[in-house]
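In: when you get a sec, could you give me coordinates for this:
(chains A, B, C, D, E and F)
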Protein chains: 4
Amino acid sequence: MFITPIMNGCLLMQTLKDEVRKAILNAALTEFRRQGYQQASMRQIAQAAGITTGNIYRYYSNKEELFEAIVGPVYKMYKAYTTEYSQTMESSITADELSKRQYFVMVEKTIVGLFKTYSTELMILLNLSAGSQYENVRQELFTFTEAILIKVWATVREVSKEPLTEHDRTLAAMLAGTLVEGLSFIIRSHEEAAAIELLIDQLLDVYSTGITELLRKIKEGRNNDDA
Amino acid sequence: MFITPIMNGCLLMQTLKDEVRKAILNAALTEFRRQGYQQASMRQIAQAAGITTGNIYRYYSNKEELFEAIVGPVYKMYKAYTTEYSQTMESSITADELSKRQYFVMVEKTIVGLFKTYSTELMILLNLSAGSQYENVRQELFTFTEAILIKVWATVREVSKEPLTEHDRTLAAMLAGTLVEGLSFIIRSHEEAAAIELLIDQLLDVYSTGITELLRKIKEGRNNDDA
Amino acid sequence: MFITPIMNGCLLMQTLKDEVRKAILNAALTEFRRQGYQQASMRQIAQAAGITTGNIYRYYSNKEELFEAIVGPVYKMYKAYTTEYSQTMESSITADELSKRQYFVMVEKTIVGLFKTYSTELMILLNLSAGSQYENVRQELFTFTEAILIKVWATVREVSKEPLTEHDRTLAAMLAGTLVEGLSFIIRSHEEAAAIELLIDQLLDVYSTGITELLRKIKEGRNNDDA
Amino acid sequence: MFITPIMNGCLLMQTLKDEVRKAILNAALTEFRRQGYQQASMRQIAQAAGITTGNIYRYYSNKEELFEAIVGPVYKMYKAYTTEYSQTMESSITADELSKRQYFVMVEKTIVGLFKTYSTELMILLNLSAGSQYENVRQELFTFTEAILIKVWATVREVSKEPLTEHDRTLAAMLAGTLVEGLSFIIRSHEEAAAIELLIDQLLDVYSTGITELLRKIKEGRNNDDA
DNA sequence: GATGAATGAGCATTCATTCAT
DNA sequence: AATGAATGAATGCTCATTCAT
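Out: All right, here's what the predicted structure looks like:
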């Protein structure tokens, strides 16, 4: 390509493919974050990217594929982590191995790390993917977190030789859910990785302390209610 | 059908307005809960209410107004509570008056009470109002909760004659946000009022304990990190 | 419905459902005949029917269904006839039973009758259904006609104890194909049932005579060429 | 790439225009045969020709012109033949000059010869030109063939000093149409010139024999004609 | 009051054509 | 000469809203 510096500076260059791709991804990220997958408009994305409606399809052959380009890679990482972690958890956990605190450490090394790095994408994945192939991810993450908490509960109950009550399960589910929501919130509200990391750590600290104390109370017998 | 005004007034028994209105509200509540404001279909609501598409517009002149009819009253109560509470908070709080625990008690008496009673409407308001005039309510609630937590923090700092740090604020914001998310999750995941109430209590307990402990640590000087 | 004669005569009545349905079918028939299934435009059909684009979907939920409404019934009849006829043919035919002429008589009672009655629909089915679920119908009819002609050829060959040559098959296929085309042409070019019937009869007469003579020549040994 | 006019003219060997042109024509022939004029995709043609989408427009300024390049020459020949033949036919034909058989001989020397040589182009012209300027060619060919058959009929009628009946005309039209369809079918169904030639000959034989016989019957007075 | 047919602007997607490079 | 990114009008289809009855 022959472009004199003057031409380059003064005239409109034809936008290069990669710039456009980035512009599309940028616009799409914004639009998906604002409207969610289903309500997002390809027209709007194109306009925000500064291109025409038709041109967007040169880069991504449909809305789903564009969505995939944004959240797909993050989902794959997330999936790899959870799969690996699930296996570890299944194989080797006893009351000693898995202290309540250790749970958070492990989670932190996997999912939470992802949260810190790809916060926006995960937020979209968790909150705004209805209608896409990813609409069950939030449920997946919830189920995964729930399984961990159930494990923790079971460990605690084991010590006192009691079975898990129905309420234990409900409680674990609730805490898993609210924890996931909390993490979602943090990544939704902040942009800077360092800030996100610190806040996640502190949220986990609050949950950890609170849950530990709650478990202690429950163990002391003040868990007198089931659904 | 040709009906003279007289016949109309005297002879024909027609479906009572109020029954229909209730049927619409019922159907709309269900639809909005399932699909959110934007994805909800007026056709679907009409059908579920057992009336025709057009008739719905005799009761509510558009989708927004129907949405308003469902979430508006709850929003007004919420607004009244928060306004009143904000004033109280502003005027008279000292370190003594507002113990850390007291905060939760007050919140519980206002917002949380609303959560327990109108959980579905609040859930819609907080989670499914994108595209409507209420789409910022979640943000509002967050701001409100944040203000309370900031107050709590300030109280704590006051004792040791220190000013609120930037990180204090960020932390308060995060905890407010995640708490709101947690409450949202609970009302999103459960239908029964009793279950919701219990879970909210326990979530608040976890937060309360965790935050108290966090504040204690901070007071002890181990809060050496800012964003 | 209360309509004074005056109102009825003077003001525009809301078009009744059935009128609209007919208008749509009419417009669609015209459009499909002119453009074929794939190139036909729903907008164009709507416009020709005097309604709006959206309204057409109240009557037919998509293009394929509208096409189906037009050609489907005719296809079903056609299918019933050919199926029944195929069975008859398979079970009982000998050289005596199936004279060359008889073939045409049988075909006439089945397919040709249909051709006479639903000429436009069949024309669309045979010539303009690419892209729809009916795109193979022409091939089907061709295969069916071919099978009959092969049968006739076989009968002739049998008399002289010769096997069917490859060229016999090619010839039968060609004649089947051109016959189908010829029938298609007739129904495409004429509207009146009586005229269509007479022409079909005469085309069959030409084919019958020509083929009979061709077969005679072939039998006399002047069929010394194969592909 | 920056190329001075001089460099451009002297040094760079570029793909020869004619190779590209041939590649385009080749690809276009294939695409038009497979998809027809309207459904054919310029992108697909370019790709098959191994060039870029835009470049195709340096050779043919639009789809219609490309189509023209493929079927135009064949159409011109066809037109020349039919024009010449029409004149011959008009000026000098008597019952003696134009025996019934002679008709087919003449047609064969003109149109049919074209069919045999440019079968693909003619097939496209006759079957797949909807939407282009050539969409009426099939009709033209039909009209031409019809004119010939009318002439034949007239000749036959002349002998017995009878005028042409309305039915004579309808019959001639039908036979002309179905013959054209038959020829179309053959060139649509086969690729090899030899096979096409043989089949066309045999189809004409069938028509010739059949029509001759039909004319004989008519002459013998069993022509009880309808509307 | 109620009906439901009709409207029309909106959506995702395709594709012949243009044009800066 | 050639590229291929970009355009924009068209397509099938949906849905909140209107209005004659």
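In: would you quantify the distance from the residue of chain A found nearest DNA strand F to D:Y57?
Out: Residue nearest to DNA strand F within chain A: A:G54 (1.7 Å; C-beta to the nearest atom of the strand). Where you see a C-beta, it was placed from the backbone N, CA and C, and this is true even at glycine. A:G54 sits at a distance of 18 Å from D:Y57 (criterion: C-beta to C-beta, to the nearest Å).
In: more neighbours: those two, which one.
Out: D:Y57 (15 against 9; other C-beta atoms under 10 Å in any protein chain shown).
In: now the helices for chain A?
Out: Secondary structure of chain A, counting by DSSP state H: helices at A:5-10, A:17-39, A:42-49, A:56-59, A:63-92, A:100-107, A:113-117, A:119-127, A:137-159, A:166-189, A:193-217.
In: comparing these by mean pLDDT, which bottoms out?
Out: The minimum mean pLDDT among those belongs to helix A:5-10 (a mean of 35).
In: just give me the neighbour total for the closest residue to A:A40 other than its chain neighbours.
Out: Distances taken as C-beta to C-beta, 6 or more residues apart in numbering or on different chains place A:E31 nearest to A:A40, at 4.7 Å, with adjacent residues excluded. Residues near A:E31, counting by other C-beta under 10 Å, number 23.
In: A:E31: what's it in contact with?
Out: By C-beta atoms under 8 Å, 6 or more residues apart in numbering or on different chains, the contact set of A:E31 is A:A40, A:S41, A:Q44, A:I45, A:A48.
In: who's in contact with the fourth one?
Out: Taking C-beta under 8 Å, 6+ apart, we find A:I45 in contact with A:I24, A:A27, A:A28, A:E31, A:I56, A:L66.
In: are any of those buried, and which?
Out: Using 16 or more other C-beta atoms under 10 Å in any protein chain shown as the burial test, the contacts of A:I45 include A:I24, A:A27, A:A28, A:E31, A:I56, A:L66 as buried.
In: for those, give me JSON lines that also has distance to DNA strand F.
Out: Shown next, in JSON lines, are the buried ones among the contacts of A:I45 (distance: C-beta to the nearest atom of the strand, whole Å):
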{"residue": "A:I24", "distance to DNA strand F": "9"}
{"residue": "A:A27", "distance to DNA strand F": "13"}
{"residue": "A:A28", "distance to DNA strand F": "14"}
{"residue": "A:E31", "distance to DNA strand F": "17"}
{"residue": "A:I56", "distance to DNA strand F": "8"}
{"residue": "A:L66", "distance to DNA strand F": "14"}
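In: closest one of these to chain D?
Out: Among the buried ones among the contacts of A:I45, A:I56 lies closest to chain D (C-beta to the nearest C-beta), at 17.0 Å.
In: not counting sequence-adjacent ones, nearest residue to the closest one?
Out: Once flanking residues are discounted, A:I56 sits nearest to A:A46: 4.7 Å by C-beta to C-beta, 6+ apart.
In: and the gap between the residue of chain A closest to DNA strand F and A:M42?
Out: 10 Å.
In: do A:F32 as well
Out: Going from A:F32 to A:M42 by C-beta to C-beta gives 11 Å.
In: between the two, who's got more neighbours?
Out: Neighbours per residue (other C-beta under 10 Å) separate A:F32 from A:M42, with A:F32 holding more: 27 against 17.
In: per the record, what domains does chain A have?
Out: Residue ranges for the domains of chain A, per automatic domain parsing: A:11-61, A:71-222.
In: buried deepest among those, which one?
Out: Among the domains of chain A, ranked by average contacts under mean count of other C-beta atoms under 10 Å in any protein chain shown, first place goes to domain A:71-222 (a mean of 18).
In: roughly how far out does that one sit from the chain middle?
Out: Mean C-alpha position of domain A:71-222 versus that of the full chain (C-alpha atoms, centre = their mean, to the nearest Å) differs by 11 Å.
In: so is that domain next to chain B?
Out: Yes: applying C-beta under 8 Å from any C-beta of the partner chain, one finds domain A:71-222 in contact with chain B at A:130, A:170-171, A:173-175, A:177-186, A:189, A:192, A:194-195, A:198-199, A:202-203, A:205-211, A:213-214.
In: who's in contact with A:G182?
Out: A:L203, A:Y207, B:G177, B:T178, B:L179, B:E181, B:G182.
In: was I right about A:F142 contacting A:L175?
Out: No: applying C-beta atoms under 8 Å, one finds A:F142 not in contact with A:L175, separated by 10.8 Å.
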